[in-house]
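A.B. asks: structure for this input, please:
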Amino acid sequence: MTANSVKSMNKAQVNDLLGSRRIDHVVVIGANGAMGYGSGALFTQAVPRVTFLARTKEKAEQGLKAAINQVRSATVGTRVDCGGYDDALPAAVAKADLVFEAVTEDFEVKRQIFDLVDRHRRADGIVATVTSGLSINALAEGRSESFRRNFAGLHFFNPPNVIVGTELIPAKDTDPALVDFLDVYSTKRLGRVMVRTADRPGFAGNRVGFKVLNEAAQLAEEYGPLLVDRVVGPYTGRALTPLATIDLVGWDIHRAIVDNIHRNAPDEVHATLKLPAYMQALIEKGVLGAKTKGGFFKVENKVRMVLDPKTGAYQPEAEVKLPDLSYIKEIARLHHDGRYTEAMAAFAAAPGDMAKLARKVVAGYLSYAFHRVGEVTETIDGIDDIMGFGFNWAPPSVLVDVLGAKAAVAMIEEAKLPVPKLLVDAASASSPARLYKNPHGNIGRFFVAG
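C.D. replies: Numbers count the residues shown, from 1 in each chain. Next up is the predicted model:
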């Protein structure tokens, strides 16, 4: 595991790396899926030729149409050709500088695709997978030596044309020079904010982010989805509320991610990453979130409806009774005025059970994120960047800086969670240093009024 390197490179080193390889032709496998066509559209901004491949040419063409609609540019179509796996994959992969795999998040399906790719690829062709958390080393196992040296995870977040945070995950046999090249290329040519992560379940972003999302899903069974999304809402430092995020991602994708982490990464909050039984039961009945027009929330006849996790029934949002949440309005007002330190001080001091619940979730986010340092990234900077530019959440260090290290530690202790050593040290310092290091991260973007 290595820290981000582009930030420490001078211009000459960056130019040398960019000149070390050429990427003129990208093949996207699984181009009919949202991540496939979204990534394909992104590549058309940097390379003259992109090939969209799917099970059939017709499905690939559907992906192209979706890509054009997503970025609202017909120019995408001038750089894309389409084909099916059976008739077009061998020839396309043989000529590709980069093969970008974006098929469904299923280990065996990806392995079957890589069987084909390894058989037909150029010896120096790069192969990247956009998996959201499957083992990069396991996917490379049994492949040819040249495949393994030229293989890495390149995890874009959806939609890639909007969300710039990207994880770069080398396997143990990946050529270090390729890792540096992909880091620089993605930063300079694709406009990414790159984070190098270890090959651990969920990597950095999903490991930390889906812990919070799944905790919200567990709490929804007791408190109801609407109350949870209000209590853990934008005023706590996130652009989209947690359960609305799960609906957008898809319940099936959420299940795949948390099941992978829960199964393969037992840690201090293992139970928090277990999929709630009610979600499993509803998934089996076809409830998958926004793509099935039903999840924690749905719209019927222009009325927003809210799920009752205990019964599986829905009721109009206006009929859901909520406790007094007036404390949120004051905090949101302070955020709106740019008074973030005062807002989070008010959050730390807010009375009532719901404010305490919100602090427990935020404290869990801080404790879990800082405890992952050394496991998924070398420093907190990488976790900060992927949470800020991948999830559009206030990075852990931003929350600590705004709260103050002593208040952050007190919040974690109030929640009866383990306090990371880095925060203990920061709280005991006579003049705590600012933890958030990204010079381009405007912290105001992470705190919204609602």
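A.B. asks: going forward, measure contacts between C-alpha atoms and count neighbours the same way
C.D. replies: Noted.
A.B. asks: so where do the strands sit in the stretch 101-250 of the chain?
C.D. replies: Applying DSSP state E, counting those that start in this stretch to the stretch 101-250 of the chain gives strands spanning 126-129, 151-156, 165-170, 193-196.
A.B. asks: can I get the ones you listed in a markdown table including mean neighbour count and mean pLDDT?
C.D. replies: Listed next are these as a markdown table, based on neighbours: other C-alpha atoms under 10 Å; pLDDT from 0 to 100:
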| stretch | mean neighbour count | mean pLDDT |
| --- | --- | --- |
| strand 126-129 | 24 | 98 |
| strand 151-156 | 27 | 98 |
| strand 165-170 | 27 | 98 |
| strand 193-196 | 26 | 96 |
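A.B. asks: out of the ones you listed, nearest to residue 10?
C.D. replies: Comparison of the strands of the stretch 101-250 of the chain against residue 10 by C-alpha to C-alpha identifies strand 193-196 as nearest, at 16.7 Å.
A.B. asks: residue boundaries of the strands in the stretch 251-400 of the chain?
C.D. replies: 297-300, 303-307, 314-316.
A.B. asks: out of the strands of the stretch 101-250 of the chain, nearest to residue 68?
C.D. replies: strand 151-156 (18.4 Å).
A.B. asks: ignoring the adjacent residues along the chain, who's closest to residue 164?
C.D. replies: residue 192 (4.8 Å; C-alpha to C-alpha, 6 or more residues apart in numbering).
A.B. asks: list the backbone torsions phi and psi for the one you found.
C.D. replies: Backbone torsions of residue 192, given as degrees, to the nearest 10, read phi -90, psi 150.
A.B. asks: quickly note the distance from it to residue 376.
C.D. replies: Plainly put, residue 192 is 19 Å away from residue 376 if you go by C-alpha to C-alpha, to the nearest Å.
A.B. asks: those two: who's more crowded?
C.D. replies: residue 376 (25 against 21; other C-alpha atoms under 10 Å).
A.B. asks: so the more buried one makes contact with residue 198?
C.D. replies: Yes - here residue 376 reaches residue 198: they are 4.9 Å apart, a contact under C-alpha atoms under 8 Å.
A.B. asks: shared neighbours, those two?
C.D. replies: residue 204 (C-alpha atoms under 8 Å, 6 or more residues apart in numbering).
A.B. asks: quick revisit: can you read off the pLDDT for the residue nearest to residue 164?
C.D. replies: You'll see residue 192 listed with a pLDDT of 96.
A.B. asks: other SSEs contacting the lowest-mean-pLDDT helix or strand in the chain?
C.D. replies: For the chain, the helix or strand with the lowest mean confidence is helix 11-19, at a mean of 85 (criterion: mean pLDDT, DSSP states H and E). Helix 11-19 is packed against helix 176-188, with contacts defined by 3 or more C-alpha pairs under 8 Å, 6 or more residues apart in numbering; DSSP states H and E.
A.B. asks: shaky segments in the stretch 301-450 of the chain?
C.D. replies: Within the stretch 301-450 of the chain, the segments meeting pLDDT under 70 span 449-450.
A.B. asks: now the helices: where do they sit in it?
C.D. replies: 326-336, 340-349, 353-371, 380-389, 396-403, 405-414, 421-428 (DSSP state H, counting those that start in this stretch).
A.B. asks: break the protein into its domains for me.
C.D. replies: Domain assignment of the chain by automatic domain parsing yields the ranges 6-196, 205-446.
A.B. asks: start and end of the longest one, how far apart?
C.D. replies: Looking back up the chat, that one is domain 205-446. Domain 205-446 stretches 16 Å from its first residue to its last (C-alpha to C-alpha).
A.B. asks: on that earlier part again, contact partners of the least confident helix or strand of the chain?
C.D. replies: Residues contacting helix 11-19 (C-alpha under 8 Å, 6+ apart): 6, 180, 181, 184, 185.
A.B. asks: can we see that at 10 Å?
C.D. replies: 6-9, 177-178, 180-185, 188-189 (C-alpha atoms under 10 Å, 6 or more residues apart in numbering).
A.B. asks: Throw these into a markdown table and include neighbour count, distance to residue 23 and pLDDT, thanks.
C.D. replies: A markdown table is the format used below for these (neighbours: other C-alpha atoms under 10 Å; distance: C-alpha to C-alpha, whole Å; pLDDT from 0 to 100):
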| residue | neighbour count | distance to residue 23 | pLDDT |
| --- | --- | --- | --- |
| 6 | 18 | 19 | 73 |
| 7 | 10 | 22 | 72 |
| 8 | 9 | 24 | 75 |
| 9 | 12 | 21 | 81 |
| 177 | 13 | 15 | 95 |
| 178 | 19 | 12 | 97 |
| 180 | 18 | 15 | 95 |
| 181 | 20 | 11 | 96 |
| 182 | 21 | 11 | 97 |
| 183 | 26 | 14 | 96 |
| 184 | 25 | 13 | 96 |
| 185 | 23 | 9 | 96 |
| 188 | 16 | 13 | 94 |
| 189 | 13 | 10 | 95 |
